[in-house]
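Enquirer: What follows is a predicted structure for the sequence shown.
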Amino acid sequence: MKIAVLRMKLRAPWVHSLKEKRMEVKSLLAKIRNKFQVSAAEVEDQDIHQSIVIGVAAIVPHKAQADSMMEAIVDFVEENTEAELLEEEWEIR
């Protein structure tokens, strides 16, 4: 059994208030949770309105599945938000 952890930093230049950011983040997190059955949350920069940092964690049976799941989540995020993906990093333990 492995634990996969993913951190993604996104930039949303069209967001001009924390309320707009919360709506975008809430929608994106719900989509990630529903599609992949993982834990997901905003983990940093909650008070910076154009910066979104999302953390995702999942328990998987082996490393190959963890790698493919993390890649699929990154691709899904890029397809389902207008925010620009600045960085991604994942770790499997």
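Expert: Thanks, I have the structure now.
Enquirer: is it true that Lys26 lies in a helix?
Expert: Yes - using DSSP: H, G, I helix; E, B strand; the rest coil, the assignment for Lys26 is a helix.
Enquirer: ok, now how distant is it from Ile54?
Expert: Going from Lys26 to Ile54 by C-beta to C-beta, to the nearest Å gives 11 Å. All C-beta spots, glycine's among them, are computed from the backbone N, C-alpha and C.
Enquirer: Give me the more crowded residue out of these two.
Expert: With neighbours defined as other C-beta atoms under 10 Å, Lys26 and Ile54 compare such that Ile54 has more, 23 against 11.
Enquirer: Pull the contacting residues for the more buried one.
Expert: The neighbourhood of Ile54, defined by C-beta atoms under 8 Å, 6 or more residues apart in numbering, consists of Arg7, Met8, Leu10, Val25, Leu28, Leu29, Ile32, Ala40, Ala41, Glu42, Val43, Val77.
Enquirer: and these, which of them are in helices?
Expert: Val25, Leu28, Leu29, Ile32, Val77 (DSSP state H).
Enquirer: Who wins on neighbours among the contacts of Ile54?
Expert: Counting by other C-beta under 10 Å, top hit in those: Met8 with 25 neighbours.
Enquirer: Is that one in contact with Val74, as I believe?
Expert: Yes - using C-beta atoms under 8 Å, Met8 is in contact with Val74, at 6.7 Å.
Enquirer: and for the two, which residues touch both?
Expert: Residues touching both Met8 and Val74 (C-beta under 8 Å, 6+ apart) are Leu85, Glu88.
Enquirer: State the pLDDT value of Val38.
Expert: Looking at Val38, its pLDDT is 94.
Enquirer: Count the residues that sit near it.
Expert: By other C-beta under 10 Å, 18 other residues sit near Val38.
Enquirer: so the nearest residue to it once chain neighbours are set aside is in which element?
Expert: Nearest residue to Val38 in three dimensions, chain neighbours excluded: Ala58, at 4.2 Å (C-beta to C-beta, 6 or more residues apart in numbering). Using DSSP states H and E, Ala58 sits in strand 51-60.
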